[in-house]
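Peer 1: Build the 3D model from these lines:
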Amino acid sequence: MKNVILITAVFILMFDVGFSQDLKTIQKSEVEISGSFEFEKALPSRLKQLKDENGNFKNIPIGKRVTVLYTQGDYVYFSYWYQPDDEEINKELNGEGSIRTVYYMPVNTFIQISVPLYSRFKGFKTGAYTVPVRLRGVSGDFDFDPTISLTANFIAGFGSVYEERSWFDMSFGIGLSSIELNQDNSSLVEENRTAAAFTLSLGALFKPKDYMNFGLFLGWDSLGRDDRGVNWVYDNKPWLGIGINISFNEIVTDVAAKDKNK
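Peer 2: So this is what the prediction gives:
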């Protein structure tokens, strides 16, 4: 029993050491870096200036963005994004020709003073949303309708260039909804009953936390052929609703931000 406990403890320790190692503490770099980055810190005191491929020294401007061209050995090679709002800085960083100046520095130093930049468009995913309360009759005849439905949604995610995950999603959904028919909303003269409707919806969703989404939806419910004879007053008319997300997974991206001024 003691041997089992000892082996388990050693395994956990090895797992923790192997997977918790921070890139910023790597002594010898074998890291491949690609994409776009922004300098958020100054160079360490021992490296006051940045060197280009011609051996010229220049100060590193905080807040400027770069594109990594390649890594070679322990060094990363990169060029600055074009600066359309400041031609003087642009000439200083990129030169006056069409070919941009290439700079290099140790990979570990680069990782310590920069943050990666991601595309604002995070990609597409699928998910499921429920809109439990719908405001019908937005054109005048208001009615709050608690509805049971489950809709499959096609979602496009957007977010900050500093985050992999999206914080704002646009969705298009199709599904089925359960509609309560009664004498007030249809020509039904018998007892109240439930009908099925085909649902289309458009939504805008906000995600303040991972997997924690809420949003506004605009949609339309259409009764099936067998139920159209009841003349439901909200058939094919728009409704507004608040949605709750049941997301299969997050929308994240590994696509780097692009220098649009190239």
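
Peer 1: Only C-alpha atoms from now on, for both contacts and neighbour counts.
Peer 2: Fine.

Peer 1: next one: phi and psi at the spatially most central residue of the chain?
Peer 2: Centroid-nearest residue in the chain: residue 166, 2.0 Å away (criterion: C-alpha atoms, centre = their mean). In terms of degrees, to the nearest 10, the main-chain angles of residue 166 are phi -90, psi 150.

Peer 1: before we move on, what about residue 163?
Peer 2: Backbone torsions of residue 163, given as degrees, to the nearest 10, read phi -130, psi 140.

Peer 1: I figured it hits residue 118, correct?
Peer 2: Yes. Between residue 163 and residue 118 there is a contact under C-alpha atoms under 8 Å: 6.6 Å.

Peer 1: Those two: which has the busier surroundings?
Peer 2: Using other C-alpha atoms under 10 Å as the criterion, residue 163 and residue 118 rank with residue 118 on top: 24 against 18.

Peer 1: follow-up on the earlier one: spatially nearest residue to the residue nearest to the centre of the chain (excluding sequence neighbours)?
Peer 2: residue 159 (4.4 Å; C-alpha to C-alpha, 6 or more residues apart in numbering).

Peer 1: same thing with residue 154?
Peer 2: residue 126 (4.8 Å).

Peer 1: Which strand or helix spans the one you found?
Peer 2: Following DSSP states H and E, one finds residue 126 within strand 121-136.

Peer 1: Relative to residue 174, how far out is residue 126?
Peer 2: Remark: distance between residue 126 and residue 174 (C-alpha to C-alpha, to the nearest Å) = 11 Å.

Peer 1: joint contacts of the two?
Peer 2: Counting by C-alpha atoms under 8 Å, 6 or more residues apart in numbering, the residues touching both residue 126 and residue 174 are 152, 153.

Peer 1: can you give me the helices in the chain?
Peer 2: Along the chain, counting by DSSP state H, helices occupy 2-20, 87-94, 107-113.

Peer 1: Would you single out the least confident of those helices?
Peer 2: When the helices of the chain are compared by mean pLDDT, helix 2-20 comes last with a mean of 35.

Peer 1: give the contact list for residue 42.
Peer 2: By C-alpha under 8 Å, 6+ apart, the neighbours of residue 42 are 60, 61, 62, 113.

Peer 1: swap the cut-off to 7 Å and go again
Peer 2: Neighbouring residues of residue 42 by C-alpha atoms under 7 Å, 6 or more residues apart in numbering: 62, 113.

Peer 1: Tell me how many other residues surround residue 147.
Peer 2: Count around residue 147 with other C-alpha under 10 Å applied: 15.

Peer 1: Grab the nearest non-local neighbour of it.
Peer 2: Nearest non-adjacent residue to residue 147 (C-alpha to C-alpha, 6+ apart): residue 132, at 5.3 Å.

Peer 1: and that neighbour, what pLDDT?
Peer 2: 75.

Peer 1: Tally up the residues packed near it, please.
Peer 2: Neighbour tally, residue 132, other C-alpha under 10 Å: 15.

Peer 1: ditto for residue 195
Peer 2: Neighbour tally, residue 195, other C-alpha under 10 Å: 15.

Peer 1: That one against residue 178, yeah?
Peer 2: Yes. Using C-alpha atoms under 7 Å, residue 195 is in contact with residue 178, at 5.9 Å.

Peer 1: so the closest residue to residue 67 other than its chain neighbours bridges to which residues?
Peer 2: Counting by C-alpha to C-alpha, 6+ apart, residue 67 lies nearest to residue 36, which is 4.5 Å off, once chain neighbours are set aside. Beta-bridge pairing of residue 36 under DSSP bridges involves residue 67, residue 117.
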